[in-house]
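Undergrad: attaching a predicted model along with its sequence, questions to come.
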Amino acid sequence: MKYLAAALSSSLILLSACSGANVSSVGDSLKLNYVTKVKSSSANPKAQKIDGEKDLLFILGKKKLGLQADDKLNLFDFEKKRIYKADPKTKTFEDHSLYMMSGYKHAEAANRAQLAKLIKESGGDVENTFDSFSSGCELGMIIPGEEENPGITVSEKDGKVEYTYKGKVVTSAVLGDVVPEAVLPMMEKFYVYNCNIHPFIRKDLLTRKRVPKELNIEINSRGMNTTINMTLKKNEGPTPSLDLGSDYKVSFAKNLPLSGLQEKIYIKNEIPALPKKESAFTEAKALVAQKQPVDALLTMIEYSLCNGDQPVAESKEIMEATKKDPTVKKLQENLMPQTKDAAVASYKILNTIDSTKYKKGYVIEVLKANVESLAGGNPSRRFLYALTSNPAIVSAYKDLGTYYFSRYDVQNAWDSFDLGRKIKPDHVLFKDINKLEQGLEESHPEYF
């Protein structure tokens, strides 16, 4: 997926959630209705273009931002750090993490910084690969190592502010009414989440504390020229509430890969119980006695995957009792390949094991999935199969989320992380996700 396309669709289609008008302030909220037009062009006929026009309604409240379009409503709750994608007609909403967009952009900014470093070290011209201004607009973040202002100049006349870069006006705004002090923090969120403007420009506009009656943005990146025009229109109709009433029910789109698990855990509140060490060890010993060595080993592995705990003495006893079994040996020898080539070879061997022959064969699918991921494959189907079989395998949520994140599928990534933490918040594997979220808040407070 081209990043520019992703960035703009997050600005207009993530928006796809507001309809309406001129400035209307009621209490601690401010209502803005923009006609938003996007037009793009490229010399490359295969380039993904984003053209269209939408009425977008923005509701700025106290620690909340609402965006409505096409009878859909997105609510950003900065206190709870959640995004609610609501359908007022059906009175349903999806519940997703606020971290997903900042996490996506932060990862892309880090990738570009690394790419720039490699290009410079090889004697190349970074500007030919990506322009720091365009990257700042696309990501809404400064690339690590880049200047906050890459050379933007500011001029103002008769209420119109123009921002020029390399001799071209890249952003202009016709300023209108004063932004009420109570919603000024949400004005920043409005710019951050819905306008592809450079962070330097965003900060300068915020200092003016005025509502843009018109906002024009020009982005030129990787051969794609994009123009965004937002024009404030007459304020009409009621202001949607920034609170989902008790008549709203959580519901997830059936096309989401995790929707079945979300329904079970969030909607039906069927939080799976985690296995106990004593029970798992007793079961594994019984399976050894019944001459079922593979299931005995899988029972101990399952306990560890669910709890993040490694019972050393108990696992050693079961491994010693099962090590002569050829399938156990095949598993043990191929679970931790050290290189991609080794992972490819191990995955082929693991694939010869028929997991349907075993009571806990779904655990084998988790093991296969991790090696498949190391081999460069798509392990999601195996993780989802295992989680459907046993939703308590907490480590699989972490591993599935990590795979989604590596593919820049941040919504499904954080949905996976959230499900796993709902079951066992202190699972050792989620320490790095908790640390990532804390780092995002510290590095990019404007998103929170």
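TA: Alright, I've got the coordinates.
Undergrad: so what are the sheet partners of the lengthiest strand in the chain and their directions?
TA: Using DSSP state E, we find that the single longest strand of the chain is strand 29-42. Its sheet considered, strand 29-42 pairs with strand 24-26 (antiparallel), strand 52-60 (antiparallel), strand 224-232 (antiparallel) by DSSP bridges.
Undergrad: right, and these - which one's nearest residue 277?
TA: strand 52-60 (50.5 Å; C-beta to C-beta). Every C-beta, even on glycine, is put in place using the N, C-alpha and C of the backbone.
Undergrad: mind listing what's buried along the longest strand of the chain?
TA: Neighbour-count burial for strand 29-42, counted by 16 or more other C-beta atoms under 10 Å, picks out 29-34, 36-38, 40.
Undergrad: okay, now the unreliable bits of the protein?
TA: Residue ranges of the chain with pLDDT under 70: 1-27, 126-129.
Undergrad: longest helix in it, by residue count?
TA: helix 99-121 (DSSP state H).
Undergrad: centre of the chain to it, how far?
TA: Put simply, helix 99-121 sits 15 Å off its chain's centre (C-alpha atoms, centre = their mean, to the nearest Å).
Undergrad: cool, and stretch 149-160?
TA: For stretch 149-160, the distance to the chain centre is 33 Å (C-alpha atoms, centre = their mean).
Undergrad: who does the helix or strand encompassing residue 397 touch, helix- and strand-wise?
TA: In this assignment (DSSP states H and E), residue 397 forms part of helix 394-406. Other helices and strands packing on helix 394-406, by 3 or more C-beta pairs under 8 Å, 6 or more residues apart in numbering; DSSP states H and E, are helix 293-307, helix 361-374, helix 380-389, helix 410-423.
Undergrad: quick one: the closest residue to residue 422 other than its chain neighbours and residue 370, what's the gap?
TA: Nearest residue to residue 422, sequence neighbours excluded (C-beta to C-beta, 6 or more residues apart in numbering): residue 265, at 6.0 Å. Residue 265 is 22 Å from residue 370, where distance means C-beta to C-beta, to the nearest Å.
Undergrad: what's the answer for residue 363, then?
TA: 11 Å.
Undergrad: those two: who's more crowded?
TA: Legend: neighbour count by other C-beta atoms under 10 Å for residue 363 and residue 370, higher for residue 363 (27 against 24).
Undergrad: just the CA coordinates of whichever strand or helix holds residue 284, formatted as CSV?
TA: Residue 284 is located in helix 277-289, with elements delineated by DSSP H and E. Only the C-alpha atoms of helix 277-289 are listed here, as CSV (Å, rounded to 0.1, in the frame of the first residue of the first chain):
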residue,chain,number,x,y,z
LYS,A,277,0.3,-25.2,36.4
GLU,A,278,-0.6,-28.2,38.6
SER,A,279,-3.6,-29.2,36.4
ALA,A,280,-1.5,-29.0,33.2
PHE,A,281,1.3,-31.0,34.8
THR,A,282,-1.1,-33.7,36.1
GLU,A,283,-2.8,-33.9,32.7
ALA,A,284,0.6,-34.2,30.9
LYS,A,285,1.7,-37.0,33.1
ALA,A,286,-1.5,-38.8,32.5
LEU,A,287,-1.1,-38.5,28.8
VAL,A,288,2.4,-39.9,29.1
ALA,A,289,1.0,-42.9,30.9
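Undergrad: now that helix and helix 293-307, what's the angle there?
TA: Put simply, helix 277-289 runs at 170 degrees to helix 293-307, going by axes from the mean of the first three to the mean of the last three C-alpha atoms, to 10 degrees.
Undergrad: got the buried residues for helix 277-289?
TA: Those would be 280-281, 283-285, 287-288, for helix 277-289 by 16+ other C-beta under 10 Å.
Undergrad: output the contacting helices and strands for that helix.
TA: Short answer (3+ C-beta pairs under 8 Å, 6+ apart): helix 277-289 packs on helix 293-307, helix 312-322.
Undergrad: just say which of the ones you listed is most tucked in.
TA: helix 293-307 (a mean of 24; mean count of other C-beta atoms under 10 Å).
Undergrad: run the chain-centre distance for it.
TA: The answer for helix 293-307 is 31 Å, by C-alpha atoms, centre = their mean.
Undergrad: quick one, it and helix 410-423 angle?
TA: Going by the same axes, to 10 degrees, helix 293-307 makes 100 degrees with helix 410-423.
Undergrad: can you show me the CA trace of helix 293-307 as PDB?
TA: In PDB, the C-alpha atoms belonging to helix 293-307 read as follows (Å, rounded to 0.1, in the frame of the first residue of the first chain):
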ATOM      1  CA  PRO A 293       3.600 -38.300  24.200                       C
ATOM      2  CA  VAL A 294       2.900 -35.500  21.700                       C
ATOM      3  CA  ASP A 295      -0.200 -34.300  23.500                       C
ATOM      4  CA  ALA A 296       1.700 -34.500  26.800                       C
ATOM      5  CA  LEU A 297       4.400 -32.200  25.500                       C
ATOM      6  CA  LEU A 298       1.800 -29.900  23.900                       C
ATOM      7  CA  THR A 299      -0.100 -29.600  27.200                       C
ATOM      8  CA  MET A 300       3.000 -28.200  28.900                       C
ATOM      9  CA  ILE A 301       3.700 -25.900  25.900                       C
ATOM     10  CA  GLU A 302       0.100 -24.700  25.900                       C
ATOM     11  CA  TYR A 303       0.400 -23.800  29.600                       C
ATOM     12  CA  SER A 304       3.400 -21.700  28.900                       C
ATOM     13  CA  LEU A 305       1.900 -20.000  25.900                       C
ATOM     14  CA  CYS A 306      -1.200 -19.100  27.900                       C
ATOM     15  CA  ASN A 307       0.500 -17.900  31.100                       C
END
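Undergrad: for that helix, which helices and strands make contact with it?
TA: By 3+ C-beta pairs under 8 Å, 6+ apart, helix 293-307 packs against helix 277-289, helix 312-322, helix 326-333, helix 361-374, helix 394-406.
Undergrad: residue 186 is nearest to which of these?
TA: Nearest of these (C-beta to C-beta): helix 394-406, 27.9 Å.
Undergrad: send me stretch 311-320 as PDB with only the CA atoms.
TA: Extracted as PDB, the C-alpha positions of stretch 311-320 are listed here (Å, rounded to 0.1, in the frame of the first residue of the first chain):
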ATOM      1  CA  PRO A 311       7.600 -24.400  34.800                       C
ATOM      2  CA  VAL A 312      11.200 -25.700  34.400                       C
ATOM      3  CA  ALA A 313      11.200 -28.800  36.500                       C
ATOM      4  CA  GLU A 314       7.800 -30.000  35.300                       C
ATOM      5  CA  SER A 315       8.500 -29.300  31.600                       C
ATOM      6  CA  LYS A 316      11.900 -31.000  31.900                       C
ATOM      7  CA  GLU A 317      10.200 -34.100  33.300                       C
ATOM      8  CA  ILE A 318       7.700 -34.300  30.500                       C
ATOM      9  CA  MET A 319      10.300 -33.600  27.800                       C
ATOM     10  CA  GLU A 320      12.500 -36.400  29.200                       C
END
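Undergrad: ranges for the strands of the stretch 101-250 of the chain?
TA: Per DSSP state E, counting those that start in this stretch, the stretch 101-250 of the chain carries strands over the ranges 153-157, 160-165, 168-178, 210-221, 224-232, 249-250.
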